[in-house]
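Undergrad: Coordinates only, no sequence provided:
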C-alpha cells in the first residue's frame, strides 16, 4: 500500500468517525479551500506593495515579489507533503511538535507564536477598520470607539464553527478585494495628481533604491512584501478539513499565480502614478481625489472584516479542540460548546483590539508580524520539515545518498532557515527602530489615542 492510499484511508476513517455528528469538519472541497486561500492572500496588505516599491525601487521590488512567491509556493508544498504523511495533524502546532522530534516544548512554543501571530493580524484589521470609519465619517467619534466597533462586528462574524461555513464569505471577500485594488490602480492612473501634490515637488519614480536608503527602511519594505505572501501558518488547519487533501496543490497553484499577477500590477501601477514622495501605507491614502479614495477603500470592507475573522477562527479552533477533543461538545450543538466557542473568540478579539491601539502604524505592524512570526512559519519550519522527511526516506546521510539532488535540497533548505534567521534578527531590529521613530515623528498621538488615523 503506497502513502497516498494510506492517507486516504486515514482521512476516510476521520470522515466516518464524525458522520453522526451535527457539526462535521472534513467537508471542504479543493475549490472551497482555494476560496479560503484567496481570502487570506488577496487582502488589504496588497496596498502596502506600492509603498515597498517606493523604498526598494521598482525593479528590485518586482524581483523580490516573484522570488518570495516562489519560496512560499515551495514551502507550502513541503507543508502539504508533511501533512499528507501525518493526516492526524490538526494545525501548525501539531506539525511544530512533530518536526522537532515530538518534544512537548516545541508544541507550546509553536502554540504561543501561533496565537500571537493570528491575534496581531486581527489587530491589524481592527486598526484598518478604524482608519476606514474615520475616513468615511470625517472622524465623527474617538478612534478607540471605531476600533471597538470593528472588533465587536468581527466577533459576531467569527461565530461559524467550520471552514466549510466560511468558504462563501471567503470567496466574496476575495472578489471585493480584487475590485478594490483594481479600482485603486485605475484611479491612480486617471486622476490629475496624488494627495499632497505639489508640496513635495515633482513625482519621483525610481527603478532602484534612492541613495541613502537605510537598512531599517529597506528591511521593513522587504518584510511588508514577505508578510503578504507568507500564510503557511493556516495551511495545516485548512488541509485538516479537506475531504481529499491530495487536491490541495490545485488550490495552491491557483492562488500563487493570481498573487504574482495582482500584487505586481497593482504595486507597480499605483507606485508609477504616485511616486516615492507622495506614497502612503496603505496606498489608498495617496489618491488625491477624495471620491476615488472612498469608493476604492469601501470595496475593501469585506476583507477588513473577513480576514480577521478567518484568523480568529483558526485560533479559536486550536484552543477549542484542545479543551473539547473527544467530547460531545466538539461535534454537536451544545450550550457548553457554543458558549465556550463564543467566549474564546471574545477573548481573542479583546486582545486584538489592544494590539491595534498599542501599535497604531500600518506598515510597522505588518513588519513586526513578519519579523517575529514569519521567520518561523514562513521559512525555518519548512526547512526543518524537509530535513525530517528526507531523513526518514533516505537516512541521516540523505544528501549524500541522493547525489546532486540531495546536496541541492540540503543547501537550499539551509538557505531557507538562514532567511528565517535574518527576519528574526535584522527584521526585528529594523521594525522596533521604525516604531520608535514613528512615535517620535507621528502626529497620531500614541497608544490608545482618540486622534484621527484616517486618510
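TA: Now that the structure is in, tell me what you want to look at. Note that this is a predicted model, so its numbers are computed, not measured.
Undergrad: For the residue nearest the centre of the chain, give me phi and psi.
TA: Closest to where the C-alpha atoms of the chain average out (C-alpha atoms, centre = their mean) is residue 231, at 4.7 Å. For residue 231, the backbone dihedrals (degrees, to the nearest 10) come out as phi -140, psi 20.
Undergrad: which residue packs closest to it, ignoring adjacent ones?
TA: residue 40 (5.0 Å; C-beta to C-beta, 6 or more residues apart in numbering). Every residue, glycine included, has its C-beta placed from N, CA and C.
Undergrad: mind checking which helix or strand that neighbour is in?
TA: Secondary structure assignment for residue 40, by DSSP states H and E: helix 30-41.
Undergrad: who's in contact with that helix?
TA: 28, 163-164, 166-171, 173-174, 177, 228-229, 231, 234, 238-239, 242, 244, 247-248, 250-252, 254-255, 258-259, 303, 306-307, 310 (C-beta atoms under 8 Å, 6 or more residues apart in numbering).
Undergrad: Could you rerun that using 7 Å?
TA: Residues from elsewhere that reach helix 30-41 (C-beta atoms under 7 Å, 6 or more residues apart in numbering): 163-164, 167, 170-171, 173-174, 231, 234, 238, 242, 247-248, 250-251, 254-255, 259, 303, 306-307, 310.
Undergrad: now stretch 251-266
TA: The contact list for stretch 251-266 (C-beta under 7 Å, 6+ apart) reads 30, 33-34, 37-38, 41-42, 46, 49, 62, 65-66, 69, 73, 76, 178, 181, 185, 228-229.
Undergrad: Just the buried subset of the residues you listed, please.
TA: Buried members of these, scored by 16 or more other C-beta atoms under 10 Å, are 30, 33-34, 37-38, 41-42, 46, 49, 62, 65, 69, 73, 76, 178, 181, 185, 228-229.
Undergrad: In this model residue 230 seems to touch residue 45, though I could be wrong.
TA: No: assessed by C-beta atoms under 7 Å, residue 45 is found out of contact with residue 230, at 10.3 Å.
Undergrad: Next, give phi and psi for residue 28.
TA: Dihedral angles (degrees, to the nearest 10) for residue 28: phi -80, psi 130.
Undergrad: Distance check, it against residue 427.
TA: 33 Å (C-beta to C-beta, to the nearest Å).
Undergrad: who has more neighbours, these two?
TA: Just comparing residue 28 and residue 427: by other C-beta atoms under 10 Å the higher neighbour count belongs to residue 28, 27 against 24.
Undergrad: Tell me who's in contact with that one.
TA: 163, 164, 167, 241, 242, 243.
Undergrad: ok, now with 8 Å
TA: Contacts of residue 28 (C-beta under 8 Å, 6+ apart): 36, 163, 164, 167, 238, 241, 242, 243.
Undergrad: Now a PyMOL select for only the buried ones of those.
TA: Listed next is the PyMOL selection for buried residues among the contacts of residue 28, using 16+ other C-beta under 10 Å:
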select buried, resi 36+163+164+167+238+241+242+243
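Undergrad: which one of the contacts of residue 28 is nearest residue 139?
TA: Lowest distance from residue 139 to the contacts of residue 28 (C-beta to C-beta) belongs to residue 36, with 34.6 Å.
Undergrad: in the stretch 301-450 of the chain, which segments are predicted with low confidence?
TA: 360-367, 370, 396, 398-401, 439, 441-447 (pLDDT under 70).
Undergrad: can you rerun that using 50?
TA: Scanning the stretch 301-450 of the chain for pLDDT under 50 picks out 443.
Undergrad: starting at the chain centroid, how far to the helix or strand that comes right after the helix holding residue 40?
TA: Going down the chain from helix 30-41, the next helix or strand is helix 49-56, by DSSP H and E. Relative to its parent chain, helix 49-56 has a centroid offset of 18 Å by C-alpha atoms, centre = their mean, to the nearest Å.
Undergrad: Name the next helix or strand downstream of helix 49-56, please.
TA: Immediately after helix 49-56, counting by DSSP H and E, sits helix 58-85.
Undergrad: Which other helices and strands does the next helix or strand after that following helix contact?
TA: Moving toward the C-terminus from helix 58-85, the next helix or strand (DSSP H and E) is helix 92-99. Secondary-structure packing of helix 92-99 (3 or more C-beta pairs under 8 Å, 6 or more residues apart in numbering; DSSP states H and E): helix 58-85, helix 104-137, helix 235-239, helix 381-394.
Undergrad: tell me the most buried of those?
TA: Comparing the helices and strands packed on helix 92-99 by mean neighbour count (mean count of other C-beta atoms under 10 Å), helix 235-239 comes out on top with a mean of 24.
Undergrad: Throw the helices and strands packed on helix 92-99 into TSV and include distance to residue 416, thanks.
TA: Shown next, in TSV, are the helices and strands packed on helix 92-99 (distance: least, C-beta to C-beta, whole Å):
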stretch	distance to residue 416
helix 58-85	7
helix 104-137	17
helix 235-239	16
helix 381-394	4
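Undergrad: And the ones you listed: which comes nearest residue 278?
TA: Of the helices and strands packed on helix 92-99, the one closest to residue 278 (C-beta to C-beta) turns out to be helix 58-85, at 15.3 Å.
Undergrad: Who are the packing partners of the closest one?
TA: So helix 58-85, by 3+ C-beta pairs under 8 Å, 6+ apart, packs with helix 3-17, helix 49-56, helix 92-99, helix 215-229, helix 235-239, helix 248-274, helix 381-394, helix 404-422.
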